[in-house]
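Asker: coordinates only, sequence not included:
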């Protein structure tokens, strides 16, 4: 018995349009691959020549970059037309000005600005007016100061000058009438034999002290210092000091030192006062300084404390 052979392709027929579709797909893939390869080649070439090809080339324009218009219009500025501007622009001074205008006169206050309503006077009664009149004195200031100074001092016993004796009257016989005899008060009257004799007023010597010297003595006593003054000539060059101010007189410098010593008593225990007279510009003044510092850091700490409280202080070196 003969074998029967079956062909698969013969059994299943191939469609008529199958070859056209596959051909289109093949050609599309091939063209896509070629386009991709060409794009990669162009991109690589641009990367290679990009540095040289991307530099812009600027060509200068012909003619001036700015041109001043013949008639710009507008208003003339106040700083134009000056001789200094003409020298800068043209290289030579400008001729005389054709017109000179003076500055306007200053503006005065209006009459309404000057007139100000007067404040009403306070009403005083009869007693207040009399007291005010008594307080107003027409005496000179020196007389008033002397009166005030005398009022503050205790009264010393008044010295009565003896009356001058007329020798002619003393030599003449007494012809005047005899005075009436004085009646003696009996001791039995109460109060005569028991009244004490008034004591004598003590004689107090009035001594005036200078205010600055008194304050200096009080400060020195409070701080336990026998003497706070230091001679400026005894300072060696390079000694650390701090300057507290400059004053017109030595008394003002001493008073300023006393004020600082009372305010900063904890920091002034071991400090010495240096008052140095200096002349500058034909005028003499006194520099107030403090000595007694170990170094620059000590003087800076001292000045930091004084400056924090509003006092002036500058670290310096003695020369």
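Answerer: Right, received. Where do you want to start? Note that the structure is a prediction, hence the values are computed from the model and not measured.

Asker: List the backbone torsions phi and psi for the closest residue to residue 319 other than its chain neighbours.
Answerer: Nearest residue to residue 319, sequence neighbours excluded (C-beta to C-beta, 6 or more residues apart in numbering): residue 237, at 5.9 Å. In short, each C-beta sits where N, CA and C put it, glycine included. Phi and psi for residue 237, reported as degrees, to the nearest 10, are phi -60, psi 130.

Asker: What of residue 112?
Answerer: phi -70, psi -30.

Asker: Pull the contacting residues for it.
Answerer: Under the criterion of C-beta atoms under 8 Å, 6 or more residues apart in numbering, residue 112 has no contact partners.

Asker: I'd like the numbering to begin with 497 instead of 1 from here.
Answerer: Shifting the count to begin at 497 puts that one at residue 608.

Asker: returning to what we had before: and for the residue nearest to residue 815, the neighbour number?
Answerer: A total of 7 residues lie near residue 733 under the criterion other C-beta atoms under 10 Å.

Asker: who touches it in this structure?
Answerer: Per C-beta under 8 Å, 6+ apart, neighbours of residue 733: 813, 814, 815.

Asker: Now do the strands in this protein.
Answerer: 736-743, 768-776, 779-787, 810-813 (DSSP state E).

Asker: right, and those - which one's nearest residue 518?
Answerer: strand 810-813 (102.9 Å; C-beta to C-beta).

Asker: ok, now how distant is residue 571 from residue 780?
Answerer: 60 Å (C-beta to C-beta, to the nearest Å).

Asker: Neighbour count for these two, which is higher?
Answerer: Between residue 571 and residue 780, counted using other C-beta under 10 Å, the more crowded position is residue 780 (11 against 5).

Asker: Confirm for me that the more buried one is in contact with residue 746.
Answerer: No. Applying C-beta atoms under 8 Å as the test, residue 780 and residue 746 come out as separate, 10.3 Å apart.

Asker: that older thread, neighbour-wise, which of the contacts of residue 733 leads?
Answerer: That'd be residue 814 among the contacts of residue 733, by other C-beta under 10 Å, with 15 neighbours.

Asker: residues contacting it?
Answerer: 731, 732, 733, 734, 735, 736, 737.

Asker: Buried subset of those, written for PyMOL?
Answerer: To isolate in PyMOL the members of these that are buried, counting by 16 or more other C-beta atoms under 10 Å, one can use:
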select buried, resi 731+735+736+737
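
Asker: Including distance to residue 556 and pLDDT, could the contacts of residue 814 go into TSV?
Answerer: Formatted as TSV, these follow (distance: C-beta to C-beta, whole Å; pLDDT from 0 to 100):
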residue	distance to residue 556	pLDDT
731	75	83
732	75	84
733	70	84
734	69	83
735	72	86
736	69	88
737	70	88
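
Asker: Residue 777 and residue 744, how far apart?
Answerer: 13 Å.

Asker: When those two are compared, which one has more neighbours?
Answerer: residue 744 (11 against 6).

Asker: ok, now which ones touch residue 769?
Answerer: Contacts of residue 769 (C-beta under 8 Å, 6+ apart): 724, 725, 726, 750, 753, 784, 785, 786.
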